[in-house]
Every structure is written in structure tokens, then in C-alpha cells.
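J.: with the sequence up front, the predicted model follows.
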Amino acid sequence: MGDIAWWQEGVIYQIYPLSFADSNGDGMGDLRGIISRLDYLNDGTPASLGVDAIWLSPVYPSPLRDCGYDVSDYTDIAPAMGTLADFDELVDRAHARGIRVILDLVLNHTSDQHPWFVASRSSRDNPRRDWYLWHDGGGPRRPPNNWRSRFGGRAWTWDAATRQWYMHGFLPEQPDVNWRNPQVKAAMWEVVRFWLDRGVDGFRLDVVNHYIKDDQWRDNPTRWWYRESPLRSLIAYDRQWHIYDRDRPALKDVLREFRQLLDAYPERMSVGEISSDDPLGVAAALCGPELLHLTFNFAFTHTPWRAAAFQEAIRRWEAALGPGSWPTYTLSNHDVPRHYSRYGRRAAARRARVAAAMLLTLRGTPFLYYGEEIGMRETAIPRRELVDPVGKRYWPFYRGRDGCRTPMQWDATAQAGFSTARPWLRVNEDYMRRNVAAQRDDPNSLLSFYRQLIWLRKATPALRRGRYEPFQEGARESLSFLRHTAEQTVLVVLNFADRPTRLVPDRPWPSRRWRVLLSTAGRNGEELPGLAPVFAPYEVCIMEAL
Ligand code: NOJ
């Protein structure tokens, strides 16, 4: 790989705008709230977190049936979040601090309130009719095929007025658009240009592998057994192989066009969200020099706490990616339980450090999720307060995604300093102890640890761009790997276990002398003792070859 781009070296921080900071006291986060917290994210000094980019989950006008992933206007800002002028100011101020801005593009579907769909459903001969996926099926009782919605029920809803079905991969209020219609594609590219011209640095593409569907509307084959998760074999959506409602070959042509559009602007990037029966294979197939810059790999969001399991996830991702592609890593996001809670009660505080060190030292772009740097946990939301449509539908078997979307915990004042009003989702009850203010000046806090890692990464070329080489494959307790550039070799040792572990590499040591750059066992600045060193329980140790 030749020159390295900012989106490869940089650390990207996901903000869920509804929950980050509320500037006007209506209980919902907004753009001016984000502006007021930019110094926290990066003020150019190690006193701040030091992230290089923020990705904003949707900020567009929306009826909020799916928390903003149902967009009713692609080229405006939701009134509750601010105005386009606020957005321009956010971009300017972020750029002034060296923070790039990435927007979430939800182009697989719109809201049913979007004027395009309102027109489309108004009559069969409306010029926008073919902008969505309409089909006769076998009349009101027989949908066109067996496709299911990811959020439950059929992927088809009957429209009694025009006597046809329309397709929706998610809620009925989120009709899928017809990407095979050139007018739709042109309209979407206009949206992309609108934001690029406003100075946006990149896009996260929501469920990008769903854009194109089978043009013959064939039934998905049945999938009897979900090997990875027998529980999922009970869910109708997962009892199908989704070969016709997503992952269609024609998608690549769309993505090539999109890439050309982006490449006409300097230094822009894209990252695709993939949800697939073959997430790694599809993610690898859709990124590269002519396609998306990056695709997400969500393996870490469900990898069990075992060094060997993480090592295998990394190995598979490195092996899947072509030479022109670049990995990404994510521990948490707005769709999965926060990792601090996934890592158990007793050990979570120490495991969260090991996980953070792994995320921020692997070869690839790390995506942080707001609040993980202070160890925010999943919040228990009572049923009557649920907002997420998926939680409402499946409660109590699945409680949905509200628990990972609660307000950012800034300080110990009421509502955690997020808002002066009662927030749209309750604040986690641990906010008095677990908040930014409490951790900011404590050198031993998780926040300080994230800051140290991020600033170390910035200062260490091998961590930003170096090759990845496992150092002790198949180790049960620890994950260790080298990162090399021509000038520098760094060794990362992560002890996943609650007991000491000895590092016994399965290849020669590339150097006899190592200086510790960062350690959770108080070894900073020391030289590593001997060549079969022992590491403390849950120790993180990052060393540079001398
Ligand atoms: C993926 C998003 O991450 C999720 O939050 C959303 O519900 C669906 N796509 C539908 O847009």
C-alpha cells in the first residue's frame, strides 16, 4: 500500500446525535451540543481524546420510527437537531480542530413520509411510482415472494388504495427504493454531492449490501439451521438464506459510480455497513480501490472473551481482505449491547482496557462508540419507556437497542450533564460515578487510558500503518502481535486472562531489547526483562524494539 490516507490512520468516533449533548434543553441531543463538546474530542493536545473524525448517526428530518434511520428529507437537518447553518458551523469548527466529519447515508430506504414515497404511493401512474419496489403479488393475500423484514414480519406491505405490495427490508414505514431506476440513482448522487459540497469528509452507508434486489423477485431458500446461533434459527428472518434480497452482483456497478463521485473530491472516504449471511466475505468483496474505501467488520461485537477467538477473528479478516483493502474494527455501536456490559461484571473494567488496547493497536481503522471511553454500560430500559421498534416488538425475548443509546454521561449533575430536561431515553443510573468529569483528571481512569492509547498511536508510525504479524499463534491466554514499518517494530501483548501469562513466541524475537511504551502494570519506560517475560493478569504492554 502506497501513501496512507487519514481514514486508514485515523481514529473514528461514532456519535449518536440524539444522545450526545443537548444545547437547548428539549431532552434531545443536537448539533450545537456536539459543537460545544468538540474540545473534549480533540483540542490538539493529549488533554483531549484526540479522535480524527466523528461519524454522526442520522441528523436528517425524520418521523423517528427507527430513530432517524427513516429519513424524510436527505438534504436538511432535523429541526430538533438544528439547522443547516448549525451544520456548516459544526463542520467548520470540527475542521479547525483537525476533526473530519462523516455523515450516515441511509439510501437503501426512505421514510414513508418522504415526498418521494408519498408521491409514489399516490397512484400507479405517478412518475415516482417506479422509485420504490411495487409488485402485484397474487392479490391482497399473496405477497410477491417469501422475503422477510429484518425487524419482523413480511418484507411486503399491501397498499389497499393502489392495490399493490411495496417492499421494505425493515419497518413498513421504511420502504426500500428502487436502485435499478436510473432516476433514483441520479437523485441519490445529488444527495451525495449536496453534502460533499458542504465540506463533509465521508459517509457511512447504511446496509449498503441491501441496495440491489433480485430483478426476478425469486424466493429466498430456506435455511434450516443457524449454526453460529441456534437461537437465531427460531427467527423467521434468519430461517432464510438471503441471496435474493441482498448481496446481488449488480451492486458493484452502483458502488463504482459512487466511488467515482467521491474521488472527484479530494480526501473523501466511505465506509459500508454490511449485514449478510457471509459478513466477512461480502465486506471484503465490497471494499478496495474502486469500491468502498472501508467496510465494517462486526466480528468483535460478538466474539467471546478468549484470546484465541479474537486472534482467529483478526486472522480471518486479514486473510479475507485483498492487498488494496484496509481493515476496520468495532467493539460497540448503536445496534449491539455495549461491550463493557458484554464483558461481565467483575472483570469488565480490566477487560475493557485490554479490548481498547487491541482496537487501537491493530492494523486497521478503529471505530469508537461514544461513551465507551468512560466505560458506559448497557442501560436497563423499562418496557413502557422503550423507543426502539425492534425492542417493542420482541420484548421480553429481545429488549432492543435502546440500552446502548442512552445519554452521554458528562458529569454528576442531574441528567449527567447531557440536558437540563428529562432526556428522550433515561440516563444510566451509574452516571454519578461513571462520567467524563470524574475521569478527566484521574490518570488511572479508563478515559485517560483511551487518551494515552490514541495519542501513542498518533506518535507511533508502526501502530498507525505497520504490517500486522501474529507473534504467538494459538496462545490460549494472551494475544500478541507485531506491527512493523521499515523503521520501527512494535510488539503488543494483551493478557486476556485473570492470571499471569508467559509470552512464548512461535517465531524468533525480532529484537533482543524492547522499551515499554505503555503498560497497565507500571512498566512505562522500562526495558523488557529477558526474552520469556511474564505479564500480569489482564496486562496490556506495548513495546518498541530498540
Ligand atoms: C442499520 C442501522 O445501523 C440500524 O440502526 C437501522 O435500524 C437499520 N440499518 C435500518 O436502517
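T.: That came through fine.
J.: going forward, measure contacts between C-alpha atoms and count neighbours the same way
T.: Will do.
J.: looking at the protein, which residue is nearest the ligand?
T.: Closest contact between the chain and the ligand, by Cα to the nearest ligand atom, is at Tyr69 (4.5 Å).
J.: pLDDT at Met1, what is it?
T.: Met1 is assigned a predicted lDDT (pLDDT) of 44.
J.: ok, Val336 - contacts?
T.: 301, 401, 404 (Cα atoms under 8 Å, 6 or more residues apart in numbering).
J.: so the second one touches His334, yeah?
T.: So the one you mean is Arg401. Yes - with contact defined as Cα atoms under 8 Å, Arg401 reaches His334; the gap is 6.9 Å.
J.: who's more crowded, the two?
T.: Legend: neighbour count by other Cα atoms under 10 Å for Arg401 and His334, higher for Arg401 (23 against 18).
J.: so who does that one touch?
T.: Here Arg401 is in contact with 334-337, 388, 390-391 (criterion: Cα under 8 Å, 6+ apart).
J.: between those, which has the most around it?
T.: Pro337 (22 neighbours).
J.: and the stretch 51-200 of the chain, which of its residues are near the ligand?
T.: 66, 69 (Cα under 6 Å from any ligand atom).
J.: pull the number of nearby residues for the residue lying closest to Gly138 once chain neighbours are set aside.
T.: Using Cα to Cα, 6 or more residues apart in numbering and skipping the chain neighbours, the partner closest in space to Gly138 is Pro144 (6.6 Å). Using other Cα under 10 Å, Pro144 has 22 neighbouring residues.
J.: quick check: Ala438 is in a helix.
T.: Yes - counting by DSSP: H, G, I helix; E, B strand; the rest coil, Ala438 is part of a helix.
J.: and the pLDDT for the residue of the chain closest to the ligand?
T.: 98.
J.: what ranges do the strands span in the stretch 301-450 of the chain?
T.: 328-330, 365-369 (DSSP state E, counting those that start in this stretch).
J.: circling back: burial count for the residue of the chain closest to the ligand?
T.: If we define neighbours as other Cα under 10 Å, then Tyr69 has 25 of them.
J.: ok, Pro127 next?
T.: For Pro127, the count of nearby residues is 11 (other Cα under 10 Å).
J.: again, but for Pro533
T.: Neighbours of Pro533 (other Cα under 10 Å): 12.
J.: need the contact list for it.
T.: Applying Cα under 8 Å, 6+ apart, the residues contacting Pro533 are 502-503.
J.: please verify my assumption that Leu528 contacts Val516.
T.: Yes - contact criterion Cα under 8 Å: Leu528 and Val516 qualify, at 6.8 Å.
J.: which neighbours do these two have in common?
T.: Contacts common to Leu528 and Val516, judged by Cα under 8 Å, 6+ apart, are absent.
J.: and stretch 446-465, which residues are buried?
T.: Judged by neighbour count (16 or more other Cα atoms under 10 Å), stretch 446-465 contains these buried residues: 446-458, 460-465.
J.: so what's the spatially closest residue to Ala355 that is not a sequence neighbour up against?
T.: Nearest residue to Ala355, sequence neighbours excluded (Cα to Cα, 6+ apart): Leu331, at 7.9 Å. By Cα under 8 Å, 6+ apart, the contact set of Leu331 is 298, 300-301, 338-339, 355, 359, 367-369.
J.: and if you look at Arg100?
T.: By Cα under 8 Å, 6+ apart, the neighbours of Arg100 are 52-54, 91, 94, 200-201.
J.: what of Val436?
T.: Neighbouring residues of Val436 by Cα under 8 Å, 6+ apart: 374, 409-411, 447.
J.: next, count neighbours for Pro396.
T.: Count around Pro396 with other Cα under 10 Å applied: 10.
J.: okay, the contacts of Val336 in TSV with pLDDT next?
T.: Converted to TSV, the contacts of Val336 look like this (pLDDT from 0 to 100):
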residue	pLDDT
Thr301	97
Arg401	98
Cys404	98
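J.: kindly indicate which of those residues lies nearest Ser123.
T.: Among the contacts of Val336, Arg401 lies closest to Ser123 (Cα to Cα), at 36.0 Å.
J.: quick one: low-confidence ranges for this structure?
T.: 1-2 (pLDDT under 70).
J.: what residues does it have near the ligand?
T.: 66, 69, 206-207, 335.
J.: of all these, which two lie farthest apart?
T.: Asp66 and Val207 (13.9 Å).
J.: show me the contacts for Ala160.
T.: Shown in contact with Ala160 (Cα under 8 Å, 6+ apart): Pro140.
J.: could you pull up phi and psi at it?
T.: phi -60, psi -30 (degrees, to the nearest 10).
J.: buried residues in stretch 315-327?
T.: Using 16+ other Cα under 10 Å as the test for burial, stretch 315-327 gives 317-318, 320-321, 325-327.
J.: quickly note the distance from Ser445 to Thr520.
T.: With distances taken as Cα to Cα, to the nearest Å, Ser445 is found 11 Å from Thr520.
J.: hang on, I meant Thr489
T.: From Thr489 to Thr520 the distance is 20 Å (Cα to Cα).
J.: between these two, who's got more neighbours?
T.: Of the pair Thr489 and Thr520, Thr489 is the one with more neighbours under other Cα under 10 Å, namely 22 against 18.
J.: beta partners of that one?
T.: His484 (DSSP bridges).
J.: on that earlier part again, just name the closest of the residues of the chain next to the ligand to Thr45, please.
T.: Checking these against Thr45 with Cα to Cα, the nearest one is Asp335 at 31.4 Å.
J.: so what does that closest one have for phi and psi?
T.: Note on Asp335: backbone dihedrals following degrees, to the nearest 10 are phi -110, psi -10.
J.: what's the burial count for the closest residue to Met432 other than its chain neighbours?
T.: In space, and not counting its chain neighbours, Met432 is closest to Ala412: 4.4 Å by Cα to Cα, 6+ apart. By other Cα under 10 Å, 17 other residues sit near Ala412.
J.: so for this structure, the centremost residue is which one?
T.: Asn333 (5.0 Å; Cα atoms, centre = their mean).
J.: how's the protein carved up into domains?
T.: Following automatic domain parsing, the chain resolves into domains at 6-110+181-455, 115-167, 466-545.
J.: quick one: closest of those domains to Gln174.
T.: Using Cα to Cα, the nearest of these to Gln174 is domain 6-110+181-455, at 5.4 Å.
J.: end-to-end on the closest one?
T.: OK, domain 6-110+181-455 end separation, Cα to Cα: 15 Å.
J.: how far does it sit from its chain's centre?
T.: Distance, stretch centre to chain centre, for domain 6-110+181-455: 3 Å (Cα atoms, centre = their mean, to the nearest Å).
J.: and the longest helix seen in the chain, which residues are buried?
T.: Ordering each helix of the chain by length in residues (DSSP state H) puts helix 182-197 first. Of the residues in helix 182-197, 184-185, 188, 191-193, 195-196 count as buried by neighbour count, 16+ other Cα under 10 Å.
J.: could you point out which element follows it?
T.: Counting by DSSP states H and E, the next helix or strand C-terminal to helix 182-197 is strand 202-205.
J.: what's the helix or strand that that next one is followed by packed up against?
T.: Downstream of strand 202-205, the first helix or strand assigned by DSSP H and E is helix 251-263. Secondary-structure packing of helix 251-263 (3 or more Cα pairs under 8 Å, 6 or more residues apart in numbering; DSSP states H and E): helix 182-197.
J.: list of residues touching the helix it packs on?
T.: 74-75, 107, 131, 177-179, 202, 258, 261, 265.
J.: that helix to helix 251-263, inter-axis angle?
T.: If you take axes from the mean of the first three to the mean of the last three Cα atoms, to 10 degrees, helix 182-197 sits at 30 degrees to helix 251-263.
J.: need the CA coordinates for helix 182-197. PDB is fine.
T.: Backbone C-alpha positions of helix 182-197 (Å, rounded to 0.1, in the frame of the first residue of the first chain) are rendered in PDB as follows:
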ATOM      1  CA  PRO A 182     -31.500   5.500 -13.100                       C
ATOM      2  CA  GLN A 183     -33.600   8.500 -11.900                       C
ATOM      3  CA  VAL A 184     -33.300   7.200  -8.300                       C
ATOM      4  CA  LYS A 185     -29.600   6.700  -8.700                       C
ATOM      5  CA  ALA A 186     -29.200  10.200 -10.100                       C
ATOM      6  CA  ALA A 187     -31.300  11.600  -7.200                       C
ATOM      7  CA  MET A 188     -29.100   9.800  -4.700                       C
ATOM      8  CA  TRP A 189     -25.900  11.100  -6.300                       C
ATOM      9  CA  GLU A 190     -27.300  14.600  -6.000                       C
ATOM     10  CA  VAL A 191     -27.700  14.000  -2.200                       C
ATOM     11  CA  VAL A 192     -24.100  12.900  -2.000                       C
ATOM     12  CA  ARG A 193     -22.900  16.000  -3.900                       C
ATOM     13  CA  PHE A 194     -25.000  18.200  -1.700                       C
ATOM     14  CA  TRP A 195     -23.100  17.100   1.400                       C
ATOM     15  CA  LEU A 196     -19.700  16.900  -0.300                       C
ATOM     16  CA  ASP A 197     -20.100  20.500  -1.400                       C
END
